[in-house]
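Trainee: Fold the stuff below for me.
(one chain, ligands or ions: 1)
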Amino acid sequence: MQKTETFKQWFAESFPFDLNLLKEISSEPIPNHLKRWWFAIGGTPLYLFVIQATTGIILTFYYVPNPAEAFESVAHITTSVRFGWFIRSVHKWSAHLMVLTVMLHMLRVFFTSAYRRPRELNWMIGVGLLLTTVGFGFTGYSLIYEQISYWAAVVGTNIAEATPLIGGLIARFIRGGPEVSDNTLTRFFVFHIGVLPTVMVILLALHVVQIRLHGVTRLRFEEDETESVQVSMRVSAPVSPLRFHGSESESATEEEKTEERSYPFFPDHFYTEVIVGLTLTFILTILALVFPAHMGEPANPLVTPEHIKPEWYFFAVFRWLKLTSFQIGVVGSMIFLLFLLFWPFIDRVFLKKFPGKDVSFWIGVVGFFVFLVFTVWEAMV
Ligand code: HEM
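Mentor: Next comes the predicted model:
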């Protein structure tokens, strides 16, 4: 007992952190609607990113980023390193799930209009997170140095090259030269284990700070007779859970109402996130056991394969490029990206021009439907 107290004292002196502050930060009230599981989706890519970083670091001990040895080193991890196949499979499946959950989270933010003022900047940071996530997928896929992933890198960098004005510069930078060469693998490796993780951590920190500063959007729900839940799409003024702004001026009754419709982040919401995390761990383990990552043909830069297949999340873009001319397809994709980035401001224009018409909602529905159809169409080829 005495020893524990001494250690506690020593630790408190060495690390003078105010635990009450941690308690205050973690017990903030959050809106009641976050009890619904689909509002906990935002935490899942974060959890998966931690899995990615952990398994990725383990894989880096064995991976050799050199075109002559890359494929062999992945084969070695898969067949000879103890539990190598499992770590590699979890890394692969977790990457797929991360892209999927980022997309689902984005859909929930879109269809609950949670990107509206004052959260426009956080939506834009979110678009950065989406691009970083698929960037991880693109570079990681090519590191295996299989025939199919090598040629996906060739096509991917060709797409980058077709971007007006800056395309040539970007493509040269990513490839490490005018064409895909031995340098490209080194570049992809540096992006995958250095640049993108750094960008991801910075964007995540900004994203979380924004969420803390603005609080999560308060939504109004109406329960229908069948006990299911409907989103009324009405978003009331955001109430910050932290006392950074706003709440001092709120009347006591407003504060009481806020209390009524909130519940504490810790332990209530934290436990929800833990359950989501455990469920994901279970799903990842099953996927890795039932569908372990395998090896394809080694890359052959001299032979173009008949079918080049990127990862599933690029299927829609791929289909779009096949339907249009390459140049128009790339310019169209860039316009779409800009549209996505500045969506909160475009939405504001629609709101002003067509009040009460739900134009943004229908644009979202059509956009999602087109994405789905293009993805399934390309998958079936
Ligand atoms: C690695 C990727 C991401 C992570 C880890 C992440 C995490 C989170 C978390 C934990 C929240 C709190 C509310 C919730 O759980 O839903 C949140 C809110 C938010 N996210 Fe993300 N997010 C990511 C990507 C994105 C993307 C791609 C977008 C949109 C393009 C986005 C836009 C937003 C916005 C606007 C909010 C505020 C929502 C509100 O106030 O209700 N996020 N995010």
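
Trainee: Count the neighbours of D268 for me.
Mentor: Applying other C-beta atoms under 10 Å, we find 15 residues neighbouring D268. To be clear about C-beta, it is placed using only N, CA and C from the backbone, and glycine gets the same treatment.

Trainee: Per-residue pLDDT of it, please?
Mentor: If you check D268, the pLDDT there is 84.

Trainee: which residues does it contact?
Mentor: With contact set as C-beta atoms under 8 Å, 6 or more residues apart in numbering, D268 has no partners.

Trainee: In three-state terms, label it for me.
Mentor: helix (DSSP: H, G, I helix; E, B strand; the rest coil).

Trainee: Ok, the one 4 residues further on next?
Mentor: In three-state terms, and counting by three-state DSSP, T272 is helix.

Trainee: Count the neighbours of the nearest residue to it once chain neighbours are set aside for me.
Mentor: Nearest non-adjacent residue to T272, counting by C-beta to C-beta, 6 or more residues apart in numbering: A40, 5.2 Å away. A count of nearby residues for A40, using other C-beta under 10 Å, gives 18.

Trainee: ok, A40 - contacts?
Mentor: 34, 269, 272-273, 276 are the contacts of A40 under C-beta under 8 Å, 6+ apart.

Trainee: and these, which are buried?
Mentor: 34, 269, 272-273, 276 (16 or more other C-beta atoms under 10 Å).

Trainee: Among those residues, which one sits closest to N20?
Mentor: H269 (19.9 Å; C-beta to C-beta).

Trainee: isn't that closest one right next to I275, touching?
Mentor: No. Using C-beta atoms under 8 Å, H269 is not in contact with I275, being 10.7 Å away.

Trainee: Now the helix or strand A95 falls within: buried residues?
Mentor: Secondary structure assignment for A95, by DSSP states H and E: helix 84-111. Counting neighbours by 16+ other C-beta under 10 Å, one finds that the buried residues in helix 84-111 are 84-103, 105-106, 108-110.

Trainee: with the contacts of A40 in mind, which one is nearest to the ligand?
Mentor: Closest approach between these and the ligand, by C-beta to the nearest ligand atom: L34, at 7.0 Å.

Trainee: ok, R117 - how many residues close by?
Mentor: 13.

Trainee: Any residues of the stretch 1-150 of the chain in contact with the ligand? List them.
Mentor: By the rule C-beta under 6 Å from any ligand atom, the part of the stretch 1-150 of the chain lying against the ligand is 39, 42-43, 45-46, 102, 105-106, 109, 114-115, 119, 122-123, 126-127, 129-130, 133.
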